[in-house]
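[1] Just the structure for this:
(chains A and B)
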Protein chains: 2
Amino acid sequence: MKQSEMLIPTLKENPADAEIKSHQLLVRAGYIRQIASGVYSFLPVGRRILRKVENVVREEMEKIGAHEMMMPALQPSELWKESGRWNTFGSELMRIHDRSDREFALGATHEEVITSIVRDEVKSYKRLPLTVFQIQNKFRDEARPRFGLLRGREFLMKDAYSFHASYESLDLTYQKMFDAYSRIFKRLGLNFRAVIADSGAMGGKDTHEFMVLSEVGEDVIAYSDTSRYAANVEMAPVITTYPASAEEPKEMKKTATPNQKTMKEVADFLGHDLDKGLKSIMFKVDEKLVMAVTRGDHEVNDVKLKNLYSASMVELASAEETETVMGTGFGSLGPVNVPKEVEVVADLAVESLVNVSCGANEEGSHYLNVTPGKDFQVSQYADLRFIKEGDPSPDGEGFIQFARGIEVGHVFKLGTFYAENMNAMFLDDQGKNQTMVMGSYGIGVSRTLAALVEQYHDDRGITWPANMAPYQVHLLSLNPKKDEQRELADQLYDQLLDAGIEVLYDDRKERAGVKFADSDLIGIPLRITVGKRASESIVEMKERMSEDKSDLEASKVIDYVEEMYSR
Amino acid sequence: MKQSEMLIPTLKENPADAEIKSHQLLVRAGYIRQIASGVYSFLPVGRRILRKVENVVREEMEKIGAHEMMMPALQPSELWKESGRWNTFGSELMRIHDRSDREFALGATHEEVITSIVRDEVKSYKRLPLTVFQIQNKFRDEARPRFGLLRGREFLMKDAYSFHASYESLDLTYQKMFDAYSRIFKRLGLNFRAVIADSGAMGGKDTHEFMVLSEVGEDVIAYSDTSRYAANVEMAPVITTYPASAEEPKEMKKTATPNQKTMKEVADFLGHDLDKGLKSIMFKVDEKLVMAVTRGDHEVNDVKLKNLYSASMVELASAEETETVMGTGFGSLGPVNVPKEVEVVADLAVESLVNVSCGANEEGSHYLNVTPGKDFQVSQYADLRFIKEGDPSPDGEGFIQFARGIEVGHVFKLGTFYAENMNAMFLDDQGKNQTMVMGSYGIGVSRTLAALVEQYHDDRGITWPANMAPYQVHLLSLNPKKDEQRELADQLYDQLLDAGIEVLYDDRKERAGVKFADSDLIGIPLRITVGKRASESIVEMKERMSEDKSDLEASKVIDYVEEMYSR
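    Numbers count the residues shown, from 1 in each chain, chains lettered A, B, ... in the order given. Take a look at the predicted model:
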């Protein structure tokens, strides 16, 4: 393509709102433009690389027997009410009325639509299993859209759904999907980990997220320093054991802690380490008030709390609710003398503590020498805290370290959640009516583009990997006003196209400095410059990721390019 | 693909709401399913053929130097307010609020978005012309969605936009687009006409619609029986000349016409032909009241009336408005003694009439012996009527005939409408600020699919043309329980795939009758049946469009298929 005819508007400066590299570079290099907060247009070179990602995804989906379809963005609210998600999805679900005031959801995902189709069309085990996918824009009204393509409100997604007569069949397809996802992200050249994730409240079983490792990732991954174990940090169980204390329990006593707000302030004021205090936090678990108690140096993991109660919602109790039932605010809570309507649960680490401090449920007061079992009762000890770096890995091999990741894929055993709510049944081989078992599988296609740029860039711009670039060659004619330069470049352009090589040809009447800077920004793996030595039929070859340049006879260019891309 | 693993739900009966063949057959053959009124899912075989149409469109767009991009469905209302279409688009534009109550339009087209991008990024004539396209779902809240994919509310469209420094440059791109569209619809195998269409009130100049000829089309095309002239019926000028009458004007007189409502009733009652009466209709042209007068056998064309006044809106005056100003209702209107606030215009055919009848602006009364010029004045005679079959063709060659068409494409010289409203300027080669000139070009991709089926079907199902079918071969194993049939079919399936032939393999455990009926419904051009003679390695070949069957040695199948598809 001739750059003079294309819309590739490059910018010298980073956009003011772009905090991370992929956002900055995709805008600066002319791949995307923001239309509204979290809503982007893909300009031609952006659309092109996006299509390459799409094609890899499509190929791998077809290889495992998933069939492409296309479902609409407009989804009748009735379907979402059947599944229950019309309410539970909350304000992230965009809603719209048509001219006769019928309500629609704007497709955030398509479980409801595909389940309604399959329940109407598939009645027998003979038609199962069945796997379909689509690649299409999705809509989610994020509270805080940010980071460019990483967290948008309209974004390109591949979503796949599978339907089964049994959990065994789901397991097989899940594994195929898992393997296909691994191949996809490998083909894209991404450094990623498949991590154990939260299957949430939807009755799901196994679920893995595919995380691209990156400092800008919004998720924290806990991984073993020796094994392949990796989990979303909130999903990693803690297997640390806590030896019994040798201390004798003393008598509990109250002490004033005026103006000491945080755990750290209280511990310093009382002159003990953080781990000699109790942290007490009030939650609303569905409609029940629960005080969760951990050691002062630990953090409550609300996913674990949610799973402990098989709850559908866990949130912090409000200041008002806390005040009403406890007669005091957040800063002075403790598990001693808690009213009956509050259930106290504690992390396993709490059980072996002796003579620790905790809030006295009275503004500016704490108890000292508190010992669980003696001074307060706990309805249940459980693994309730976040894993920490240095904890033993849950698989028993090595110790936990943390990394940040960008979630680019998600495979999920949904089980019968949708099929039950939406009545998707089939006749099994005995003629009995059974509920279908489902899986769902997503890849954030446009987000993957951002993840690629996070992993492939340098100070000057994007550095696409060879097999995943918008073009294979960036051909520059440095001064197209000079006949010999323009003619040699034109000739090379035709030769490259004839050889089936994808080439972006900078034929613009711009200064050499602008062309070099734009080329580095756009990041095509190989640059071929036709400059001063055009009269000798000599061009300059430079790979984007290296600093080396070399001169080459124009007649050898095609061989060079083909050799480079066959490596 | 193995049919047993695919979602191709065929139906014996037509869906109750499906009035036309393409709607009936696309549903019955398992290509589409309705999700809501005017909203469809494309099942795998439907998605597949849709992608083939997309690919033809994409190839031809790229050939003429249009670059693919992807703009969002969520479009800030501010952009639509700048262009003015936030109001003028009316209730067809779907509107949505985000969680912070910002208004968005759901993309019906993308002139606003692309204009906002180009005005921000393109400042110089050096970057023009520029042509971009996208293939993507559009949203329009049709008042009466019907006819399946022909008039939907969410549909797949290719839209392209071009930006120019001059009208001459627009003319060149327009012609390239026109030619590309002709190639696209020809490659798709459609019988179509490019017709002159209404450029509307947007200040546009030339515009053509690409119409697939079909009895179910919603548009009427007026075409010449001898030349290539074709126009949307409302656009065809009337070049008929009307010889002066030899009759002497008589004295006008009033007569009672009790209970005679229609033109026909009045003419019969008065004992003259339809063309000896005047038809007078009251319009509101923008805010002005206009009485349009035609011969009794002619019909007023409101597009011509609108163009005559360069109006932005023409509608019938209400009964109340008419009553107020004329003192009578619709049935008794006439141009004699019309109050000053009403302007009277008449079709050219009226000018030469003598001694005709017309309403007396009094319930149940008509005038006889009315002669224009003598008995009433006309502010303007103009071509105001619809062309009729038998009228001379506007290009002077032959006579007009009518046909119905389905609009599948539209090319449009927008001119400066959007650029002016949205301030899209550039510096010309003299350094002067100029307004950009634009074109827009659409193809209804999903609608094209319906148009194809309207032209390619018979009593038993769809009959895809060879180069535009979801698969090239439908391989049937009639009784897969018999080893020799299943094995031969499996073997042929592998051979066909290895030869790069697209094959749908009906390996289902269904009766032969079901398989044959489904195969005819789905409509793949070549059927290969492995049946009783499998033991002799003989299969049956049948082309979908023909009744002829022939037996063939299995070893010759690949050659046969390759030969057929190279024809």
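[2] can we go C-alpha only for contacts and neighbour counts from here?
    OK.
[3] who touches the host helix or strand of residue A:505?
    According to DSSP states H and E, residue A:505 maps onto strand A:503-506. Contacts to strand A:503-506, defined as CA atoms under 8 Å, 6 or more residues apart in numbering or on different chains, come from residues A:1-4, A:471-477, A:493, A:496-497, A:515.
[4] what's the offset of that strand from the middle of its chain?
    Using CA atoms, centre = their mean, to the nearest Å, the distance from the centre of strand A:503-506 to the centre of the chain it belongs to is 34 Å.
[5] Just the C-alpha atoms of it, please, in CSV.
    Provided in CSV are the C-alpha atoms of strand A:503-506 (Å, rounded to 0.1, in the frame of the first residue of the first chain):
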residue,chain,number,x,y,z
VAL,A,503,4.6,-4.0,1.9
LEU,A,504,3.8,-0.5,3.1
TYR,A,505,5.5,2.0,0.8
ASP,A,506,6.3,5.4,2.2
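[6] how about the following helix or strand past it, does it get close to chain B?
    Next in sequence after strand A:503-506, counting helices and strands by DSSP H and E, comes helix A:512-522. No: using CA under 8 Å from any CA of the partner chain, helix A:512-522 never reaches chain B; the gap is at least 15.1 Å.
[7] After helix A:512-522, which helix or strand is next?
    Read in the C-terminal direction, the helix or strand following helix A:512-522 is strand A:526-530, with elements assigned using DSSP H and E.
[8] Name the next helix or strand downstream of that following strand, please.
    For strand A:526-530, the succeeding helix or strand toward the C-terminus, using DSSP H and E, is strand A:538-543.
[9] sec struct for the nearest residue to residue A:388 once chain neighbours are set aside, please.
    With CA to CA, 6 or more residues apart in numbering or on different chains as the measure, residue A:400 is the residue that lies nearest to residue A:388, at 7.1 Å, once sequence neighbours are left out. At residue A:400 the chain is in strand, as set by DSSP: H, G, I helix; E, B strand; the rest coil.
[10] what pLDDT does residue A:400 get?
    Residue A:400 is assigned 96 on the pLDDT scale.
[11] what do you get for residue A:353?
    On pLDDT, residue A:353 comes in at 96.
[12] A helix includes it, no?
    No: per three-state DSSP, residue A:353 lies outside any helix segment and is coil.
[13] Spatially central residue in chain A, please.
    For chain A, the residue sitting closest to the mean C-alpha position, by CA atoms, centre = their mean, is residue A:407 at 2.1 Å.
[14] Run a quick check on that residue versus residue A:209, I expect a contact.
    Yes: the criterion here is CA atoms under 8 Å, and residue A:407 meets it with residue A:209 at 6.4 Å.
[15] Mind listing the shared neighbours of those two?
    Counting by CA under 8 Å, 6+ apart, no residue touches both residue A:407 and residue A:209.
[16] Now stretch A:215-225: buried residues?
    Neighbour-count burial for stretch A:215-225, counted by 16 or more other CA atoms under 10 Å in any protein chain shown, picks out A:216-217, A:219-225.
[17] so where do the strands sit in the stretch 351-500 of chain A?
    Counting by DSSP state E, counting those that start in this stretch, the stretch 351-500 of chain A has these strands, from start to end: A:356-359, A:365-370, A:380-382, A:400-415, A:425-427, A:433-435, A:437-444, A:457-458, A:461-462, A:473-477.
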